[in-house]
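Peer 1: Dropping the sequence and predicted coords here.
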Amino acid sequence: DLKDTEASGRVAEALIEVLRQPYTIENREYFLSASIGISHFPNDGEQADDLLRAADLALYQAKEEGRSTWRMHQPELTRRVEAFVNLEAALRQALEREELCLYYQPKVDARTRQVIGAEALIRWEHPEQGLIPPNHFLPLAEEIGLIVEIGDWVLREACRQGRAWMDAGFDNLRISVNLSGQQIMDPQLVDKVGAALTDSGCPSGHLQLEILESFVMRNAEESVRTLSAIRHLGVGLAIDDFGSGYSSLAYLKRLPIDTLKIDQSLVFDIPDDPDDVAIAQAVIALGHSLGLTVCAEGVETAAQLQFLVGEGVDEIQGYYFSRPLPTDAFTEYLKGMHSEG
């Protein structure tokens, strides 16, 4: 009979500790672990079903925080989990309801200041919550197994729009699309890229795929095989957020990439931070020594631009030139830049 939260917590801890002990069966040791969720009558419910549901929510939280632990049910937990469940259901319907859309941020030639490309960035136009940024729903998409399906849609839509801009006279644009780790591990990725290009009529040279440095370094062998096949199609490849983590230069040389993107965390404090200046200079020199195009992202000030251009960066992306824009606004941006040119 556990009448207070402290007592139930002690019992839960004791149970977990007992289960941590090895069990010997036929001269072999086996190890178990347990996560426990706790609810209390009558605070968390007066009916058995309500108490079980509350305990299950607490169990969910315990598993989320690393397993082999226990958590007490809290009313706030119920609200958070219910919000998560509602968002998950809405996200599953977002694709078929055509609520997802792409915004485009221009990439500018560092010397001529002409727009030479655009990065496609996904947004969710939620019917009730308005425009939801990707960091609020892409982690959920990865968790529930939707990220590949969403990524496939982004790829097809970006190729279609790239072709539309070509037909409108903007034929020098290369559209960049971010690939998730799960997409890179998809055995059908190369075929999907080929189909997106064929179906849209977008030339392969007008598409660039961006891959996170951190994922490529953790899965180098698999990445080299898949990316080599994509590169064989004529599609450009960029390492995104370069300089934000640890890279093996031996693997970097093997990757069939054509562009390094300097992570915006390194750009933010230049030219004032001598450490970031030194790292940026090293990345630029490394990229050029490997025959790669170097793109700096997150450029917001004239001082950053002046430094990067002086160091020989090839492409610039950031708020200094434009925020990400919806398709129609980006088209008007292109027209304005074209008339100025």
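Peer 2: Perfect, I can see it now. If you're wondering where the values come from, they're calculated on a predicted model, not measured in any experiment.

Peer 1: Parallel or antiparallel, which strands does the longest strand along the chain pair with?
Peer 2: Counting residues, the longest strand found in the chain (DSSP state E) is strand 115-126. In the sheet, strand 115-126 lines up against strand 100-109 (antiparallel), strand 130-132 (antiparallel), strand 174-179 (parallel) (DSSP bridges).

Peer 1: Give me the contact list for the longest one.
Peer 2: When contacts are taken as C-beta atoms under 8 Å, 6 or more residues apart in numbering, the neighbours of strand 100-109 outside the stretch itself are 94, 114-125, 150, 153-154, 157-158, 161, 174-176, 295, 314-317, 321-327, 330, 333, 337. No exception for glycine: its C-beta is placed from N, CA and C like everyone else's.

Peer 1: Quick check on those: which are buried?
Peer 2: Buried members of the contacts of strand 100-109, scored by 16 or more other C-beta atoms under 10 Å, are 94, 115, 117-124, 150, 153-154, 157-158, 161, 174-176, 295, 314-317, 321-322, 324-325, 327, 330, 333, 337.

Peer 1: Just the pLDDT for G201.
Peer 2: In this model, G201 is scored at 97, pLDDT.

Peer 1: Surely it touches A164?
Peer 2: No. G201 is not in contact with A164 according to C-beta atoms under 8 Å; the separation is 9.7 Å.

Peer 1: any weak-confidence spans in the stretch 201-341 of the chain?
Peer 2: Applying pLDDT under 70 to the stretch 201-341 of the chain flags residues 243-251, 339-341.

Peer 1: how about the helices in it?
Peer 2: Applying DSSP state H, counting those that start in this stretch to the stretch 201-341 of the chain gives helices spanning 213-218, 220-232, 249-254, 264-267, 274-289, 302-310, 327-340.

Peer 1: most neighbours per residue, which of those helices?
Peer 2: Among the helices of the stretch 201-341 of the chain, the stretch with the highest mean neighbour count (mean count of other C-beta atoms under 10 Å) is helix 264-267, at a mean of 20.

Peer 1: can you list contacts of that helix?
Peer 2: The contact list for helix 264-267, computed with C-beta under 8 Å, 6+ apart, reads 241, 243-244, 276, 279-280, 283, 296-299, 304, 308, 318.

Peer 1: Of all the strands paired with strand 115-126, which one comes closest to E29?
Peer 2: When those are compared by C-beta to C-beta, strand 174-179 sits nearest E29, at 42.2 Å.

Peer 1: could you check the angle helix 220-232 makes with that closest one?
Peer 2: Calculated by axes from the mean of the first three to the mean of the last three C-alpha atoms, to 10 degrees, strand 174-179 forms an angle of 150 degrees with helix 220-232.
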